[in-house]
Structures are given as structure tokens and as C-alpha cells.
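Peer 1: my questions are about this predicted structure, shown below with the sequence.
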Amino acid sequence: MSVQSNETSIQTSATPLGRDDLARLVARDIAPGSFVNLGIGQPTLVSNHLTAEQNITLHTENGMLGMGPEAEGDEIDGDLINAGKIPVTELPGASYFHHADSFAMMRGGHLDICVLGAFQVSATGDLANWHTGAPGAIPAVGGAMDLATGAKDVFVMMTLLTKQGASKIVDACTYPLTGVGCVTRVYTDKAVFLTGPDGVTVRETFGCTLEELQELVPVPLKAAAAVGA
Amino acid sequence: MLNFVDSVQEAVAGIKDGSTVMIGGFGNAGQPFELIDALMDCGASGLTVVNNNAGQGDQGLALLIKEGRVRKMICSFPRQSDSWHFDTKYKAGEIELELVPQGNLAERIRAAGAGIGGFFTPTGYGTMLAEGKETRIIDGRGHVFETPIHADVALIKALKADGKGNLVYRKTARNFGPIMAAAAKQSIVQVSEIVPTGGLDPENVVTPGIYVNTVVRVPAAGTAAGTTEKVA
């Protein structure tokens, strides 16, 4: 079991969440003992909020389990980097492996959770996060498709709205897909959404009511079931 | 046949125009800069290069691309903040790109070395990178058929070799080295240190010497900027 099941009745807080608050929330939802891959960008903030008691092992797809914090000063070693090519450290109990093994452990369903950023997530959990599809844009995919398809749970962290105010939770992705039906949860500044074949359920809202949220999001939203329901 | 040679020039001398060349490394970690520089100097062109990226900054693979030696890149992540030489060639239509999800890239290389004719993977199913490829539903899940990537030559950086060509690597610099060594007809390896046969613990050998053809020692001080060689 990689995810704590505290989906009860819908919870609300008074204000939207900042990036660090959101990272703290994701960290709290990761079950003790999980193997986790944190994507480049906003998801890396989650590592700042994982506690020693949680005993989480971080995977970096370039070939390491047991990744520690970013390296500083004398710790910096060009042979020890993360998937974002940032120098990192190793924790006691770390292991190294080659690329095919690293992606086999991902594809083989051994990784409990990956946390990714996104351009769009569809109502059924399709993910678009690698390519805008703009003419002239040089496509680069890296491990995005492998992560989206391989981990048991795929969490997305993003702002709910684009800078232009459009919802990033959509009926169907207009950007090129990264994976089909792969996202299980979406953590945003305004709400936590659970996605799957049956559509979108709202677990928590931040600074808005479910009704106000529904006005922003163009897909039907359900409230999470109450305890025991 | 295993050869120990005295120079990187000698190591790459047999690489011909039009070859498919795998180059190890993820970013700068594990990138065999000295072998790439020697490949540049030997003049081979029309190359197909397999690497995770498409060169960074003004060194190594990026220079090979800048000088027009690379006809085609097979990689997962060509676009970076400092991949300007690839960007220029790509936008000018002077280099072909085969974009492959990173795990599919690794597994296609592994498959070549393992004699596998192809495999079905869920990665990429339903995306534009699966267009035109055979698909199959297996246990209710969509899969895409991917084929092996073979190469004429692999250029690899490892930490140490022994007299049998057995290799050990260092930290995340291992990345593509072991699978590329197996996938290429000729594996050319630069190491910081060559130890006598028996000098590596057989339990800890990562790449057995059967996959290695040429070994050249490149002292650690000569490795790329940013790489510190603090051997534990």
C-alpha cells in the first residue's frame, strides 16, 4: 500500500496553498517505507518535507536508489548527479545500477509513487507534460513517459490554472500525451483531485468551495465519500 | 579479442564513416570526453550517434555535432539550456532526430546486447512517439513494439579495468556503460586505472570483459571539468 487512505469527506481550508505548503501535503501523503521518484522542478520540493520516520527511499532514474539532498561545497562530485543533472549526495544504504535496470524497476511496478509536473491532466488521468507541440519546438521526452507509465501511483503537482486562467484539468488533453490513464492524484493550489476511469473526485479544497471550484474546472467534480461510505 | 592501447587516438582509429556509435554518459557523468575528442580528430563523419542527450556546451558530443560529423541522433532528451549546437543543426534541417523515451532507449540497447528481436512495452502507448508502431493489448494494457538498437562501436567511460577487461564504474557515471558495452560490435573503454588481473573482486565486476574490446587509460586528472575523481 503506497498511499495513505485518508480520503474522507471533503475538507476545506481558508486560503489557496503555496508551493511549499503543497509540497508538505504531498510529503505527508506518502506512506512510510515507500520508494519514490520526484520529477524535475516543483516535485523536488517534496523532499524538503519528508521526515526520517517516514523512511522513504528516493529513486533517480539515471541510476540510483537512496539519493540524499543536493550536494554543497566539497560534497559536489561530477559522477554523482540526479536526473536533473544536479549534484546530489548518497545516503547510507544507497545503491547504483545501470539505466536499463533503473527503468526496469520503474516499468516493472516496483516504484510506489512518482511525482510529476504537468501542462494538463484529463478527467480520466491522461497526462500531458513533455511537449507543447508548438511548431519549431524541439521535442525532448527524457524519462517522462516511463515514469508516467511505470509507477504504481502517479501524483501530479501543478497550479490549477494557467497564467491565462484556463483550467489544467481538462476533458481531454490538447497537448501531446505523455501517458494514458496514468495519473491517480492531482495536487494543486486550489484543491486535491483524485483521477481515474470514473472521473474526478475532489478530496480537499483550499480557499474555495466545491461549487466555486466547479466553475473553474470544465469536467464534472464529485466530492469524496464520507468516512465509512 | 581484447586490446590495451596507449592512446585514445589509437583506440578510435578503426571507426569508419557512416558508423553507428553509442556514447555513454548522462549529462557529463560518464561521458567519455577524451574518446569523443579523439573521434573528432580521426575525422569519421556521417555518424549515427546514440546517447541520452545531444551534447551540452562546447565540448564532447556537442562539438562533434557542431562540426557536422553526426548525421542522426538517437536520444531521449536533446533539448537543454546549453544544447545550442544541436538546436542550430536541427532547425537548419542538417541532423536527423529519432526521439525515444529514456527507458525504451535503455531497453532497446539492452535488447541488442541480449539478442532480443524486440519487445512490447507500455511506455509511450497512446502517444505520438508510438505512431506507426505495432501495438498490442496485453493483460488489458496497451503496449508498443520496440526494436533493438545495435551499434558498430560504443565509447564508454569506466573507473577501472583489469587485465581481462572486466569493468567497474563510479556512482551515477555507470548509467549507459554496461548496456552499451554489450550492444556494440566493438566496445572502446576509457578508464582512470588499469589494475592487474585479479585486482577486481569478481563479485563486484559490473561489466564482464567478454563485452570489452579496447581499453585505454585516461588519467583521472584529464576528465571533464566539473568531474572530481574522489575515489572512495
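Peer 2: Received the coordinates, thanks.

Peer 1: distance check, residue B:41 against residue B:200.
Peer 2: 31 Å (Cβ to Cβ, to the nearest Å). The C-beta positions use only the backbone N, C-alpha and C, and glycine is treated the same way.

Peer 1: in terms of neighbours, single out the busier of those two.
Peer 2: Of the pair residue B:41 and residue B:200, residue B:200 is the one with more neighbours under other Cβ atoms under 10 Å in any protein chain shown, namely 20 against 11.

Peer 1: does the more buried one count as helix, strand or coil?
Peer 2: At residue B:200, secondary structure determined by DSSP: H, G, I helix; E, B strand; the rest coil is coil.

Peer 1: which residues touch it?
Peer 2: Listed by Cβ atoms under 8 Å, 6 or more residues apart in numbering or on different chains, the contact set of residue B:200 reads B:160, B:162, B:166, B:168.

Peer 1: am I right that the first one falls within a strand?
Peer 2: Read that as residue B:160. Yes. Checked against three-state DSSP, residue B:160 lies within a strand.

Peer 1: and for it, the neighbour number?
Peer 2: By other Cβ under 10 Å, neighbour count at residue B:160 equals 18.

Peer 1: for it, give the beta-bridge partners.
Peer 2: residue B:168, residue B:193 (DSSP bridges).

Peer 1: pLDDT at it, what is it?
Peer 2: With respect to pLDDT, residue B:160 has a value of 98.

Peer 1: what's the longest helix in chain B?
Peer 2: Taking DSSP state H as the criterion, chain B has its longest helix at helix B:102-114.

Peer 1: for it, packing partners?
Peer 2: Counting contacts by 3 or more Cβ pairs under 8 Å, 6 or more residues apart in numbering or on different chains; DSSP states H and E, helix B:102-114 is packed against helix A:99-107, helix A:144-150, strand B:119-121, strand B:141-146, helix B:177-183.

Peer 1: just these: most buried one?
Peer 2: helix A:144-150 (a mean of 30; mean count of other Cβ atoms under 10 Å in any protein chain shown).

Peer 1: show residues contacting that one.
Peer 2: A:37, A:39, A:61, A:103, A:106-109, A:111, A:114, A:116, A:127, A:129-130, A:154, A:178-179, A:182-183, B:101-104, B:122-125, B:127, B:129.

Peer 1: any idea which helix or strand comes after it?
Peer 2: Heading C-terminal from helix A:144-150, the first helix or strand you meet, by DSSP states H and E, is strand A:153-157.

Peer 1: avg pLDDT for that next one?
Peer 2: 98.

Peer 1: what does stretch B:32-51 give?
Peer 2: 97.

Peer 1: buried ones in that stretch?
Peer 2: By 16 or more other Cβ atoms under 10 Å in any protein chain shown, the buried positions in stretch B:32-51 come out as B:32-40, B:42, B:44, B:47-51.

Peer 1: all strands of chain B, in order?
Peer 2: Along chain B, the segments classed as strands by DSSP state E run B:3-5, B:20-23, B:47-50, B:70-75, B:96-99, B:119-121, B:135-138, B:141-146, B:151-161, B:167-168, B:184-194, B:214-217.

Peer 1: parallel or antiparallel, list what pairs with the fifth one.
Peer 2: Strand B:96-99 has its sheet partners listed here by DSSP bridges as strand B:70-75 (parallel).
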